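Trainee: The sequence isn't on hand, but the structure is:
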């Protein structure tokens, strides 16, 4: 299966998500947060750095839960930090 290239907007949204998760993690170690979310530290690293700009919904939900964020809060913060409406 060939994956469609991401648009610049999708890349930017992934970078915003990563930044928000990184900020929410604060002083907690990446390893601890990843373990609490049930994912690898490398997966979390890729999401936080924007190298995985379209992570799976349940992966984001697990990270948000581990960080004490609601999905609603995370979505609103991603949109407010961006330049356009949610589609």
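Mentor: Alright, I've got the coordinates. From a predicted model like this one, the values you see are computed outputs, not experimental measurements.
Trainee: quick one: contacts of the helix or strand bottoming out on mean pLDDT in the chain?
Mentor: Lowest by mean pLDDT, DSSP states H and E among the helices and strands of the chain is helix 71-81, with a mean of 80. Helix 71-81 has contacts (C-beta atoms under 8 Å, 6 or more residues apart in numbering) with 13, 16, 17, 19, 20, 60, 61, 64, 85, 86. Just so you know, the C-beta spots here come from the backbone N, C-alpha and C atoms, and that holds for glycine as well.
Trainee: what do you get if the cut-off is 6 Å, keeping everything else the same?
Mentor: 16, 17, 20, 61, 64, 86 (C-beta atoms under 6 Å, 6 or more residues apart in numbering).
Trainee: Keep only those of those that are in helices.
Mentor: The helices, defined by DSSP state H, take in 16, 17, 20, 61, 64 from the contacts of helix 71-81.
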